[in-house]
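Colleague: Build me a model from this:
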Amino acid sequence: MPDSHQGYGMPIGGVLATEQVIIPNAVGVDIGCGMVAVKTTLKDITREQIIDTMKIIRKTVPVGFNHQEEEQEWDGFDRAPNIEVIQKNIKSARKQIGTLGGGNHFIEIQKGNDGHIWLMIHSGSRNFGLQTANEYHKKAKSLCQKWQSDIPDPDLSFLPMDESVGREYREAMEYALEFARANRALMMERTKSALAEVVSLSSTDFEEFANIHHNYAAMENHYGKNVMVHRKGATLATDSTIGIIPGSMGTSSYIVKGLGNKESFNSCSHGAGRKMGRNHARRTLNLAEEQEKMGDIIGKPRSVDQLDEAPGAYKDIVSVMANQTDLVEILIKLTPLAVIKG
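Modeller: Here you go, the predicted structure:
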């Protein structure tokens with residue numbers, strides 16, 4: 001994908017199809033990481049209203065390593081599969097749901113070129129998904145070493161789909177996908193409530209456009225074969241898919257419609273993509289320059305430690321979008337007004 005950058009085993013921003021096997025590390029450690037976007041009926045919002053909304057969001061949506069103080073409700077907890085790693089982490093997951101996490105996860109208030117104010121969230125399955133990913137990647141590595149499998153990189157170790165360990169990982173992964181989707185949904189409900197409290201909106205003033213993963217694997221039919229398509233930092237882009245491609249914290253994001261490009265396995269980029277590693281960004285980027293790049297956007301990096309998520313750490317989203325005109329059609333361009341980073 002045009003946003004690809006170095007990752008373990010395969011690039012982040014990569015798509016890989018397999019027959020008869022599934023590769024945990026080709027899904028990635030944040031199973032179900034993805035995007036949700038909501039359009040509001042608002043056409044204008046003041047800076048003061050944005051600041052007040054962000055204050056409420058920060059009180060109701062824990063970020064970074066913070067979890068909920070109380071266990072949260074989700075009907076999915078009652079149907080958790082009887083898989084050891086799931087059951088081991090289900091109690092802590094009850095306080096992880098509805099939390100943003102760290103790294104490149106974010107909550108944004110945006111202005112669309114359709115004239116409307118939008119809300120957007122990027123997050124995944126939190127430590128719940130990480131533990132699942134690590135558990136099955138270890139099992140895959142152990143099995144591939146035992147079999148002396150001819151693979152180019154141990155980080156591409158696989159699990160056979162017709163054996164219990166492969167079926168078990170797939171079931172655990174799909175449950176983590178459900179959790180990630182529910183996590184974003186709960187955060188979005190609280191973000192909507194925060195905005196509604198400040199500007200007096202009702203539930204009919206919000207329209208969800210998409211809640212879509214970009215770290216997952218799914219059985220699909222391509223070139224006449226049923227294959228397991230792994231998207232590690234890539235988004236489904238069939239000709240009926242509405243997707244979300246975010247930029248950096250200082251650049252535009254896009255609501256897109258897939259074009260069903262067969263050569264990409266019906267996929268597109270999941271964002272702008274990094275152009276430098278986190279430590280490199282902290283060492284080389286200038287804080288004042290990165291703050292200036294963000295103009296009037298609320299939520300600029302406040303210290304050198306936060307430069308790993310500054311605009312300069314990412315590829316130019318305009319170029320990334322220009323490089324995938326055969327994969328997606330841009331429907332709406334969204335400009336950030338305020339951002340909360342994990």
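
Colleague: quick one: contacts for Glu19?
Modeller: 225, 227-228 (C-beta atoms under 8 Å, 6 or more residues apart in numbering). The way it works is simple: take the backbone N, C-alpha and C, and place the C-beta from them, glycine included.

Colleague: tell me the contacts of Leu42?
Modeller: With C-beta under 8 Å, 6+ apart, Leu42 has these contacts: 116-117, 195, 199, 201, 205.

Colleague: Please settle this for me: is it part of a strand?
Modeller: No. Assessed with DSSP: H, G, I helix; E, B strand; the rest coil, Leu42 is coil; it does not lie in a strand.

Colleague: follow-up on the earlier one: of the contacts of Glu19 - the most surrounded one?
Modeller: Met228 (22 neighbours; other C-beta atoms under 10 Å).

Colleague: Local confidence estimate at that residue?
Modeller: pLDDT recorded at Met228 is 98.

Colleague: can I assume it is in contact with Tyr216?
Modeller: No. Using C-beta atoms under 8 Å, Met228 is not in contact with Tyr216; the gap is 10.5 Å.

Colleague: Tell me how many other residues surround the residue nearest to Pro301 when sequence neighbours are not counted.
Modeller: Setting aside the residues directly before and after it, Pro301 is nearest to Ala310 in space (C-beta to C-beta, 6 or more residues apart in numbering), at 5.1 Å. Neighbours of Ala310 under the rule other C-beta under 10 Å: 25.

Colleague: residues in contact with Ala310?
Modeller: 248-250, 281, 285, 290, 293, 301.

Colleague: Name the nearest of those relative to Phe128.
Modeller: Checking the contacts of Ala310 against Phe128 by C-beta to C-beta gives Met249 as the nearest, at 25.3 Å.

Colleague: ok, back up a step: which of the contacts of Ala310 has the most neighbours?
Modeller: Neighbour max across the contacts of Ala310 (other C-beta under 10 Å) = Ser248, 28 neighbours.

Colleague: separation between the closest residue in space to Thr60 that isn't next to it in sequence and Gln72?
Modeller: Spatial nearest neighbour of Thr60, excluding adjacent residues (C-beta to C-beta, 6+ apart): Arg190 at 4.4 Å. Taking C-beta to C-beta, to the nearest Å as the measure, Arg190 falls 11 Å from Gln72.

Colleague: any common contacting residues for those two?
Modeller: By C-beta under 8 Å, 6+ apart, the residues touching both Arg190 and Gln72 are Gly98.

Colleague: Let me see the ranges of the strands in the stretch 101-250 of the chain.
Modeller: Secondary structure of the stretch 101-250 of the chain (DSSP state E, counting those that start in this stretch): strands located at 106-112, 117-123, 159-160, 206-213, 215-222, 225-232, 234-236, 242-245.
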